[in-house]
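> no FASTA, just this:
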């Protein structure tokens, strides 16, 4: 009787905690969308350019800058993280060096983004002389998210059953061919999910980009060395420093649009991961 009573009490407590957490999340999301969705769906706002101290400006350069930075960062992150994950999961032996590398990666993954922003400003902006530019911001957020993607890819590779490797090797395939033809396709759902979630994190990043890419841009970047203004950083700039009469509407609309973009990307990550997982399970059944 005591065990049943304790189980019921625990169930009620966990349900209450879960409902409170979901309610807070829905409340925050609802407030942001309620305040800014009307502004965010206006074509003149989405495809327009900032007007400085005048009302009615748009955010198109900031949207494009955000996707430019995200694409360039992924271009740097993906090959490095996947190859590093393959080495750690398939080739590296468990020893002091491997544990040291994992400790460093985990430490970097938990480091505040503002530290990466200061590092990027010191190295890319000042030392390399690139100034506030698209490439400086992209490399900074690439360094910021590289440990997370690498660890996610490593865990996805380790989750592949050992029997897959043994079956491939027993049929005469080399170790690299086994990784390329068997392990990587099986780990693709986890790698894609981790990558897509990282895309959402990059789109919402501001602290690391304020010091490296810029705060506001009235034109879409034409080269890697042009200044860029990601949407999250622009929201902070408009709220704290801009002098536009309708700054509150700009902030609310930009926040709502950014939230929608991140939600769509996270939803897409789940769908893509489930799709590849179903394909993998279907392939296993056919075998």
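Happy to help now that I have it. Not measured: the values here are computed from a predicted model.

> residue nearest the centroid of this structure?
residue 198 (1.9 Å; Cα atoms, centre = their mean).

> who are the contact partners of that residue?
Residue 198 is in contact with 74, 77, 145, 148, 149, counting by Cβ atoms under 8 Å, 6 or more residues apart in numbering. C-beta here means a position set from N, CA and C on the backbone, and glycine is covered the same way.

> chain center to stretch 230-249, what's the gap?
23 Å (Cα atoms, centre = their mean, to the nearest Å).

> can you give me the helices in the stretch 101-250 of the chain?
113-120, 134-158, 162-170, 175-178, 184-203, 207-210, 231-240, 247-286 (DSSP state H, counting those that start in this stretch).

> counting by contacts, list what the last one packs against.
This points to helix 247-286. helix 2-40, helix 184-203, helix 231-240 (3 or more Cβ pairs under 8 Å, 6 or more residues apart in numbering; DSSP states H and E).

> tilt between that helix and helix 231-240?
Counting by axes from the mean of the first three to the mean of the last three Cα atoms, to 10 degrees, helix 247-286 lies at 160 degrees to helix 231-240.

> got the angle for helix 247-286 vs helix 2-40?
130 degrees.

> which of the residues in helix 247-286 are buried?
247, 249-262, 265, 269, 272-273, 276-277, 280 (16 or more other Cβ atoms under 10 Å).

> what's the first-to-last distance across stretch 112-127?
Terminal residues of stretch 112-127 are spaced 22 Å apart (Cα to Cα, to the nearest Å).

> not counting its own residues, what contacts that stretch?
130-133, 135-137, 139-141, 143-144, 205, 207-212.

> in ChimeraX, select just the buried ones from those.
Here is the ChimeraX selection string for the buried members of the contacts of stretch 112-127, based on 16+ other Cβ under 10 Å:
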select :130,132,133,135,136,137,139,140,141,143,144,205,207,208,209,210,211,212
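
> and stretch 27-39, how far from the chain's centre?
Per Cα atoms, centre = their mean, the centroid offset for stretch 27-39 relative to its chain is 22 Å.

> meant to ask about stretch 118-127, not that
Distance of stretch 118-127 from the chain centroid (Cα atoms, centre = their mean) equals 22 Å.

> how about stretch 139-159?
Computed by Cα atoms, centre = their mean, the separation of stretch 139-159 from the middle of its chain amounts to 10 Å.

> list the buried ones in that stretch?
139-154, 156-157.
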